[in-house]
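Peer 1: Sequence and predicted structure are below.
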Amino acid sequence: MIRHRLLLTFLFAFSLGVIAAVYLVRHEQDVARESVAGEAATAAAGGKSAADSADDSDSNDDSGDNEDDSAPAWPDEAGTPEQVMYAQAKRMDEAISKLTPRVPGKVNLYLVAFAGDGSENVFRNEVEYVEKQFAERFDAGGHTLALINNPATLTQRPLASLSNLETAIDAVAAKMKTDEDVLLLFITSHGSPDHELAVNLDPLPLDLIAPEDLADLLAGSNIRNKVIVLSACYSGGFIDALKGPSTMVITASRADRPSFGCGSKSDITDFGRAFFVNGLNHNDTFDGAFNEARKLVNGWEGKAGEEHSDPQISKSPQIEAQLRLWREGLRLGPPVPFQPAVPTRARPANGDTLTARIAAVQ
């Protein structure tokens, strides 16, 4: 009898321990999600970029500020959330089938772009612009693959999820000379002070991305030469996990600072406009584009009275040498103007956005 009671006591205590452990794990996951969701909600509520804030008179006259410019509702033609998840293998196969073989005799560049938060159009706009810019200006046609979370693209594009990202990188690696060609990985989303990137399209169960997630994924690809651009708040917190002798990492902010320009009333993030629309349309190097972008962002934030986001870059002689070889074989195209897939702001009379007008006088 005593042994029987001891056994029952042990089993009861063990069960309580398992229940407590499961609760703690789930609680930590919920806290992480709430952290990123809170940052996203703050951005959506504020909505203005530092560049917009620097011109209060124009901002106050913008009739679009009172409209709901968030991403559209879930479309009927997309099917149920379960059907969307089931369709991902097909969406990925369709996207991968459009990748073309590398061009022999030169260093090739392949782009994988990722729009993480589906509640706002700004991230979709940014990814689709970068895809177009690299296809037309940087000779990467057929070498781009975009993953987007947005209700409007559910029937056309693969979701931006960690599992799809892994599949995408494996697919481009299969096309590349992994010890010679260059992977450009661009991720744009909200970021949290705990250094996690929002991956969200309600009600789908998508996981946040932490620095070690990206590091592990890239390490498994065997791609040597990488340029990683992260446009998100607190994205400098990813640098230590991602940097290396053959990797360039560029972030919109340092580890302890937010960046600006996300939110439902922005067409593109401030860093996205400064680095891609301005920097890479005026320069043919990532270094040169970053230097121009940093000056622009600092100027916009200074005029708006915001604490500087302080964009960061980590690089090495090895990746810079490989990027020089890439540029030697590059047929550089003309600058690509920015036209958002989904405009979210009323335009000033001259057709420019506020950010573009401020940029023009720098």
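Peer 2: Arrived safely. Computed from a predicted model, the values in this text were never measured in an experiment.
Peer 1: C-alpha from now on. contacts and neighbour counts both.
Peer 2: Fine.
Peer 1: so is residue 187 in a helix, a strand, or just coil?
Peer 2: strand (DSSP: H, G, I helix; E, B strand; the rest coil).
Peer 1: next structured bit after the lowest-mean-pLDDT helix or strand in the chain?
Peer 2: In the chain, no helix or strand scores lower on mean pLDDT, DSSP states H and E than helix 56-60, which sits at a mean of 31. Sequence order places helix 81-86 as the next helix or strand after helix 56-60, per DSSP states H and E.
Peer 1: and residue 135, what helix or strand is that in?
Peer 2: Per DSSP H and E: helix 121-136 holds residue 135.
Peer 1: tell me what the helix or strand that that helix is followed by is packed against?
Peer 2: Moving toward the C-terminus from helix 121-136, the next helix or strand (DSSP H and E) is strand 144-148. Taking 3 or more Cα pairs under 8 Å, 6 or more residues apart in numbering; DSSP states H and E as contact, the helices and strands that strand 144-148 lies on are strand 109-115, helix 121-136, helix 162-175.
Peer 1: Could you rerun that using 10 Å?
Peer 2: Helices and strands touching strand 144-148, by 3 or more Cα pairs under 10 Å, 6 or more residues apart in numbering; DSSP states H and E, are helix 88-97, strand 109-115, helix 121-136, helix 162-175, strand 182-188.
Peer 1: pLDDT on that strand, on average?
Peer 2: Across strand 144-148, pLDDT averages out at 98.
Peer 1: now swap in stretch 289-309 and tell me
Peer 2: 97.
Peer 1: May I see the buried residues of that stretch?
Peer 2: Within stretch 289-309, the residues that qualify as buried are 289-294, 296-301, 303-304, 308-309, counting by 16 or more other Cα atoms under 10 Å.
Peer 1: related to what we said a few turns ago, figure out which of the helices and strands packed on strand 144-148 is closest to residue 274.
Peer 2: Evaluated with Cα to Cα, the helices and strands packed on strand 144-148 place helix 121-136 nearest to residue 274, the distance being 11.7 Å.
Peer 1: Run through the neighbouring helices and strands of that closest one.
Peer 2: strand 109-115, strand 144-148, strand 182-188, helix 270-272, helix 280-282.
Peer 1: can you list the ones you listed in CSV and add distance to residue 233 and mean neighbour count?
Peer 2: Formatted as CSV, the helices and strands packed on helix 121-136 follow (distance: least, Cα to Cα, whole Å; neighbours: other Cα atoms under 10 Å):
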stretch, distance to residue 233, mean neighbour count
strand 109-115, 14, 27
strand 144-148, 19, 25
strand 182-188, 10, 23
helix 270-272, 10, 28
helix 280-282, 21, 20
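Peer 1: quick check, distance from stretch 210-221 to the centre of its chain.
Peer 2: From the chain centre to the centre of stretch 210-221 is a distance of 15 Å (Cα atoms, centre = their mean, to the nearest Å).
Peer 1: where along the stretch 251-362 of the chain do the strands fall?
Peer 2: Applying DSSP state E, counting those that start in this stretch to the stretch 251-362 of the chain gives strands spanning 312-314.
Peer 1: Low-confidence stretches in it?
Peer 2: Counting by pLDDT under 70, the stretch 251-362 of the chain has low-confidence residues at 344-362.
Peer 1: returning to that earlier point: for the helices and strands packed on strand 144-148, which one ends up most surrounded?
Peer 2: Highest mean neighbour count among the helices and strands packed on strand 144-148 (mean count of other Cα atoms under 10 Å): strand 109-115, with a mean of 27.
Peer 1: got the angle for it vs helix 162-175?
Peer 2: Interaxial angle, strand 109-115 versus helix 162-175 (axes from the mean of the first three to the mean of the last three Cα atoms, to 10 degrees): 170 degrees.
Peer 1: got the CA positions of strand 109-115 in CSV?
Peer 2: The C-alpha trace of strand 109-115 is given here as CSV (Å, rounded to 0.1, in the frame of the first residue of the first chain):
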residue,chain,number,x,y,z
LEU,A,109,23.7,37.9,-57.6
TYR,A,110,20.5,36.3,-56.4
LEU,A,111,17.9,38.1,-54.4
VAL,A,112,15.6,36.7,-51.8
ALA,A,113,13.2,39.4,-50.4
PHE,A,114,10.9,38.9,-47.4
ALA,A,115,8.0,41.2,-46.3
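Peer 1: Cool, thanks, signing off.
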